[in-house]
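Trainee: Take this sequence and fold it.
(chains A, B and C)
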Amino acid sequence: MSVNAPSGRIVRATRASRFGGLAAIVIVAALAAMPWWGERSAMRTVTEFLYILALAQLWNLMAGFGGLVSIGQQGFLGIGGYVLVLLALKLGVDPFLAVPLCGVAAALVACPTAAVVFRLRGAYFAVGTWVVSEVFRLTFANIIWLGAGTGTSLTSAMTGHGAWKREAITLWMAVAMGAGSIALVYLLLRSRMGLALTAIRDSEVASRSLGVGVPRIKFIVYVLSAFGCGMVGALVYVTKLRISPDAAFDINWTAVMIFAVVIGGIGTIEGPIIGCLIYFLLRDALADYGAWYLIALGALAVIAMVKAPRGIWGLVQARYDLRFFPVQRRIVVAPAVPLPRGGRGRPTADSEIRR
Amino acid sequence: MSLLAVDRLDAFYGDFQALFGVGLEVGEGEIVAVIGANGAGKSTFLRSVAGLLAARRDAIVFAGQPIGGAPAHTIVGMGVAMVPEGRKLFPSLSVEENLRIGAYRGRPGPWTLDRVWRLFPRLAERRRVSGTAMSGGEQQMAAIGRALMSNPRLMLCDEISLGLAPVVVRELYAALPGVVAEGCSLLVIEQDIGQALRIADRVYCFQEGRVTLAGRPAELTRERIAAAYFGA
Amino acid sequence: MDWVSVILEGALLGGLYALFAAGLSLAFGIMRLVNLAHGDFIVVSAYIALFLAQTVGLHPLVAYPLAVAIMGLVGFLLQRGLLNRVMGDDIMPPLLVTFGISIMLQNLLLQIFSADTRGLVGGGLQTASLALGHGIAIGWLPLLTMGVAVAVIGALQLLMVRTRLGLAFRATSDDQTTARLMGIDTRLIYAVAMAVALVVVAIAGILFAIRTTFDPASGPSRLIFAFEAVIIGGMGSLWGTLVGGIILGITQAIGFALSPGIGLLFGHLAFLAVLVFRPQGLFPRTRGA
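Mentor: Just a heads-up that it's a prediction; the model follows:
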């Protein structure tokens, strides 16, 4: 059974992706222009959507591509919030300037954290990250200077800007985070590191044996995600203005990230977008029923893992083969090479072997 | 009526087809050997019979009952036991416990712990040792003993000679006719063609998922075997 | 500061933590499943016991064992109906499914019972104490809890080593494919394992709820304590888990004695220290290759 080695070229774009790229630019521009055409409550919702989207994209990067299931990301979110308190409230730094610094702070904390939690694998790693987040929570709950258990208010730090300006900058930062997280994940996955990440997800052992620097890549992804969570945490409290340890380090942050990714479609960029939409729709629809939207979200996630592990976008992809943000590489085989018949496959003139 | 009748069996690993319309029979009191190169589908075939792979229901008929696709643990209850490739003894269990677990879904019959100790005296000395802390030959004895503990009517042996010294292999094979005499038929996969031909009543040869040769050892010439083994 | 009392109390608290951990350890040992809803099931058990005792009005000595039996059944059905479908080589599905269940349980309890803290009736056990002389006294409840922990762990060990079921558990844990070739219905074994795990969870939950007040959000912390006890003691060893629980209890007690706000933090730091300096735990059981 011999076959001539087919010559192929690697193709990334699909028709849908070219359309997708254009649509993305239009949408981002429209959102950025919202302070001029949108009204306040809509802007608030969009802001929230965008930073939740950022959280989801980064969790997806870690778990869906890097295989690191962390349930302690709320720890870095909380750190972002509290460093904001430190910088903006205590040290008088402009809160918007503080936001990226909070991301950096979270990333710095993530470095020694990684050294500790990376000693655990799989499910134990997940619980370990949760423990670390609890350590952060208890630490901040004991710092009287930052409000201890009851928390503190940030209103006095926000007096520097007028209302319109404040809402606008908040929105722009959220747009930057939302779009930025998508861009970051997209570019990362199309790079060599991205190929390595996908390989790690498929088989860590095989990747290691091929010389892929698995620990280093996992570390980078973990720190990047912490950076993002830290920035989001700061932005959240720029909008909410009241922070407390229980709220900042609430496991529900992670629950929302995870559920959005799982329901939408893990391991894809489109998936978290859909998942976040569903989260917001559910929350809105069940707004009068207390915690029922979380129960519904959890139930949907459980059902998704059992019935549709690739999420909604996975179902769409399987059916329509649509990719707006193509991160896989396809090998297009030149035609006129007879392929061997075997099993249930049928040879076609122009076969695509999709990776 | 044959004990095991396999008719047009296909097997898949995902989209990859490993077996193509395999047909085979084992009669009562027979030793049937399956030979073939690596990757020919021999282990896949055995795993299908044992219930570890999906199969068409009537593709595998045991003692008159269609068992294709039935769950592995029920097939054991019907009288089929497997000595898996690589022995696969349980490391957390002692030798004695490994044998006892073989009788988990036991059927009435001649094989008891004492009979197995008598068949393989060396094992009796090692009864408390962890299943995997023994030499390869001893582990193989334990794996065979474990399969016997369920008093099977048909024992499937997957490459029991693998990795063992020839003298050990001869010792193992010397024990097998005694097993058959007690009422258990054997379906044996063997890389060692000489051994297979010496012990079997009938031989099948697999090549790339198909049966390419079937017959009694006496009828098979070296040329025919080589052709069937490697493909013409 | 009466350090002897502090350490003694902490050690006895460790018995409760060992009980928390035993169920987790069992499920992981047999099925490689870390049930992220473990802590929430502890709390659910307490609420079921509360419901049976208060709302239905059963006598505690009837209500509590009944709650334990109910949780056993819940475990069996949960594994059989849901978790068996996501078991496999990939660790993510069971992790995410149990996480989803955890969030669902917390919020369901919140909706049904509200966020008020509750307590279980203990017939005066909470406050009764035993005087040991030299001015040291220990509570009857912590002593009883430790006794129960030792008894439960002992029973589980016996189950694993001396019974046919235990043999099946250990074989399935080693190699579930070969176990099926032995005639073991692994899906049934998993369901039974989960049932046993939740029985232990329920016993722990009831003792916990008599000792402390609880609310719907108490679950995650119990999971964390269970997990820490397992890691400190060493994976794969039930008696090691007892030691791990005791060490955790003592470090927490010392922390609380120094300052109420850092009690839990001390325990977490001890856990992290073990993780950094001796990741395999203090009494790891090495598996045969």
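Trainee: What average pLDDT does stretch B:25-43 get?
Mentor: Taken as a whole, stretch B:25-43 carries a mean pLDDT of 92.
Trainee: Buried residues, it. List them.
Mentor: Burial within stretch B:25-43, assessed by neighbour count using 16 or more other CB atoms under 10 Å in any protein chain shown, is assigned to B:25-26, B:30-36, B:40-43. Using the backbone N, CA and C atoms, a C-beta is placed for each residue, glycine as well.
Trainee: So which of those belong to helices?
Mentor: Helix and strand membership here follows DSSP state H; of these, those in helices are B:42-43.
Trainee: just the buried residues of stretch B:25-43 now: which is nearest chain C?
Mentor: residue B:43 (12.7 Å; CB to the nearest CB).
Trainee: so what's that closest one up against?
Mentor: For residue B:43, the contacting residues are B:85, B:158-159, B:189, by CB atoms under 8 Å, 6 or more residues apart in numbering or on different chains.
Trainee: how does it look with 7 Å?
Mentor: Residue B:43 is in contact with B:85, B:158, B:189, counting by CB atoms under 7 Å, 6 or more residues apart in numbering or on different chains.
Trainee: got it, and residue A:228?
Mentor: A:54, A:58, A:103, A:181.
Trainee: Around chain A, pick out the residues from chain B.
Mentor: Within chain B, the positions lying close to chain A (CB under 7 Å from any CB of the partner chain) are B:15-17.
Trainee: pLDDT below threshold where in the chain?
Mentor: If you meant another chain, say so; for now it's chain A. Across chain A, residues meeting the criterion (pLDDT under 70) sit at A:1-16, A:204, A:212, A:322-355.
Trainee: oops, chain B please
Mentor: Looking at chain B by pLDDT under 70, you get B:232.
Trainee: Skipping its backbone neighbours, what lies nearest whichever residue of it sits closest to chain C in space?
Mentor: Closest approach of chain B to chain C (CB to the nearest CB) occurs at residue B:105, with a separation of 2.6 Å. Taking CB to CB, 6 or more residues apart in numbering or on different chains, and ignoring the residues beside it in sequence, residue B:105 has residue C:183 as its nearest neighbour in space, at 2.6 Å.
Trainee: Against residue B:76, how distant is that neighbour?
Mentor: Separation of residue C:183 from residue B:76 (CB to CB, to the nearest Å) stands at 4 Å.
Trainee: what does residue B:221 give?
Mentor: Residue B:221 sits 38 Å away from residue B:76, going by CB to CB.
Trainee: Counting neighbours, go ahead and name the busier of the two.
Mentor: More neighbours surround residue B:76 than the other of residue B:221 and residue B:76, with 26 against 8 (other CB atoms under 10 Å in any protein chain shown).
Trainee: helices or strands up against the helix ranked longest in chain B?
Mentor: Determined from DSSP H, the single longest helix within chain B is helix B:166-181. Counting by 3 or more CB pairs under 7 Å, 6 or more residues apart in numbering or on different chains; DSSP states H and E, the packing neighbours recorded for helix B:166-181 are helix B:136-148, helix B:193-199.
Trainee: Could you dump the ones you listed into CSV and include mean neighbour count and distance to residue B:164?
Mentor: Supplementary listing: these in CSV, determined by neighbours: other CB atoms under 10 Å in any protein chain shown; distance: least, CB to CB, whole Å:
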stretch, mean neighbour count, distance to residue B:164
helix B:136-148, 24, 5
helix B:193-199, 17, 11
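Trainee: Put together CSV for those, with distance to residue B:215 on each row.
Mentor: Converted to CSV, the helices and strands packed on helix B:166-181 look like this (distance: least, CB to CB, whole Å):
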stretch, distance to residue B:215
helix B:136-148, 27
helix B:193-199, 11
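Trainee: what about the one residue in chain C that gets nearest to chain B, distance to chain A?
Mentor: Among the residues of chain C, residue C:183 lies nearest to chain B; the distance is 2.6 Å by CB to the nearest CB. Distance, residue C:183 to chain A, using CB to the nearest CB, to the nearest Å: 28 Å.
Trainee: same question, residue C:132
Mentor: Here the criterion is CB to the nearest CB. By it, residue C:132 lies 32 Å from chain A.
Trainee: What pairs with whichever strand or helix holds that residue, parallel or antiparallel?
Mentor: With elements delineated by DSSP states H and E, residue C:132 resides in strand C:129-133, which encompasses its position. Strand C:129-133 has these partner strands in its sheet, going by DSSP bridges: strand C:136-139 (antiparallel).
Trainee: any idea which helix or strand comes after the strand it pairs with?
Mentor: helix C:140-162.
Trainee: Next, the angle strand C:129-133 makes with that next one.
Mentor: Direction vectors for helix C:140-162 and strand C:129-133, defined by axes from the mean of the first three to the mean of the last three CA atoms, to 10 degrees, enclose an angle of 90 degrees.
Trainee: Walk me through which strands whatever helix or strand comes next after the longest helix of chain B pairs with, and which way each runs.
Mentor: Past helix B:166-181, further along toward the C-terminus, the next helix or strand under DSSP H and E is strand B:185-189. Here strand B:185-189 is paired, per DSSP bridges, with strand B:31-36 (parallel), strand B:154-158 (parallel).
Trainee: Okay, and whichever residue of chain B sits closest to chain A sits in which element?
Mentor: For chain B, the nearest residue to chain A under the criterion CB to the nearest CB is residue B:17, separated by 3.3 Å. Per DSSP H and E, residue B:17 falls inside strand B:16-26.
Trainee: and that strand, which residues are buried?
Mentor: Buried residues in strand B:16-26, defined by neighbour count with 16+ other CB under 10 Å: B:17-20, B:22, B:24-26.
Trainee: quick revisit: then the strand holding residue C:132 to CSV, C-alphas only?
Mentor: Once side chains and other backbone atoms are set aside, the C-alpha atoms of strand C:129-133 remain, and they are given as CSV (Å, rounded to 0.1, in the frame of the first residue of the first chain):
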residue,chain,number,x,y,z
SER,C,129,-17.3,18.2,77.8
LEU,C,130,-15.1,15.6,79.4
ALA,C,131,-12.7,16.7,82.0
LEU,C,132,-9.2,15.2,81.6
GLY,C,133,-7.6,16.6,84.7
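Trainee: Now render the strands paired with strand B:185-189 as TSV, adding distance to residue B:202.
Mentor: TSV is the format used below for those (distance: least, CB to CB, whole Å):
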stretch	distance to residue B:202
strand B:31-36	5
strand B:154-158	14
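Trainee: re the thing from before, how far off centre is the strand holding residue C:132?
Mentor: When C-alpha coordinates are averaged (CA atoms, centre = their mean, to the nearest Å), strand C:129-133 and its chain have centres 28 Å apart.
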